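Enquirer: Following is a predicted model, sequence given first.
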Amino acid sequence: MSDTNNQLPANNPSITPDLAKAEIRLSLTKAEMNIQAALDKANSLIINEDNLTEIKDTIKAMKSVQDAIDDAHKAGKAPHWAACTAWDAAKRDLRALLDPTLKDIEGKHTKLCQALEKRKREDEKEKNRKKAIEDLLDNTILGFSQEITSCKTTAELTSIQARINAEQGKKNAYQEYLPQLVERCAELNEPLRLQKEAIKRLEALEAAKEKAVATGDDESLLKIEEEKEELGSKISENKVRVEESAINSSTRSYGGGGYTQTFPEVKAKRRTWKNEVKDVAALYKKFPELVTLTPNEEKIKEILKAKIDAGETKDKEEIDYFGLIRFFVDKKYS
């Protein structure tokens, strides 16, 4: 039937299930048949071997009623069916004019959208990769800056210098940002120099202090303490300045990072999860419950036909095929 909502023409009465049933029952009455009478007779049957003939006759009578119902149905539906068929053919033919072009455009549109979404995912992935490296670079420089200004010994400074040099060899970690890392590591040379001078001066002051204490030179001891206090203030100021410089430099625009691309807006009308089995044999081997094995009925029928043609089925009710298939006679008794 057509899936259109077109109303029937005015000269065609609207058909309801009850009206159709009434028409069929009327047709049965004219043929001197009755559904309830057939059921009553069937329900009163005695089912045993002595009554096989009556059972067979009853089955035949009930099938005759069903055949009459089919005939009435076919006759009553004919004029309406012709109209529905015409509407369906019209719809099918007219849609067919659009289908090839529509499918072609839809296919191309889908491919374009899929390619665009793939590029957007790749773009986002690239942005995240670059952002991760930029964050690593900023955190590394800030960490080194804080450590440099916190050093108290020459050994600590030497250790930090070695780690800074080693960091500049991590090509895999910084990739195309390695030149920026080298550049910013070079900016740490001045804080290193200043801290080294401060530590050396503190060490000299400590030695002078020990001498002043040993000789009882209170005047020199006082000057030493004043200079140490002044040097401590400068170190604190230098620490703040170095860390601020590291933080400010982390906001710079990286030459390797300016990766910006604008994409057209794409929104899927429907999202449906599907599956694609790449290797059914491998899937069956690992997860047999995910594979359904079904007999090849056409090939099996070819085997049976060959056996019938060869006379192998003559005077037999069933034959066996390698213990895997049973060919047998299916009998109907009514």
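Expert: Happy to help now that I have it.

Enquirer: contacts and neighbour counts: CA atoms only from here.
Expert: Fine.

Enquirer: Which parts of the stretch 101-250 of the chain are strands?
Expert: Counting by DSSP state E, counting those that start in this stretch, the stretch 101-250 of the chain forms no strands at all.

Enquirer: Give me the below-cutoff pLDDT ranges for it.
Expert: 246, 248-250 (pLDDT under 70).

Enquirer: One more pass at 80, please.
Expert: 202-203, 218, 221, 228, 230-250 (pLDDT under 80).

Enquirer: and E124, what does it touch?
Expert: By C-alpha atoms under 8 Å, 6 or more residues apart in numbering, no residues touch E124.

Enquirer: Hmm, I typed the wrong one, I wanted D67.
Expert: With C-alpha under 8 Å, 6+ apart, D67 has no contacts at all.

Enquirer: secondary structure element for it?
Expert: helix 52-150 (DSSP states H and E).

Enquirer: cool, and R326?
Expert: Secondary structure (DSSP H and E) places R326 in strand 325-328.

Enquirer: Can you list the strands that that strand pairs with?
Expert: Partners of strand 325-328 in the sheet, by DSSP bridges, are strand 318-321 (antiparallel).

Enquirer: Any buried residues in the strand it pairs with, and which?
Expert: I319 (16 or more other C-alpha atoms under 10 Å).

Enquirer: try stretch 325-334
Expert: Residues of stretch 325-334 include none that count as buried (16+ other C-alpha under 10 Å).

Enquirer: From the chain's centroid, how far away is it?
Expert: Averaging C-alpha positions (C-alpha atoms, centre = their mean, to the nearest Å) puts stretch 325-334 49 Å from its chain's average.

Enquirer: same thing with stretch 232-242?
Expert: The answer for stretch 232-242 is 54 Å, by C-alpha atoms, centre = their mean.

Enquirer: Name the residues of that stretch that are buried.
Expert: In stretch 232-242, counting by 16+ other C-alpha under 10 Å, buried: 235, 238-239, 242.
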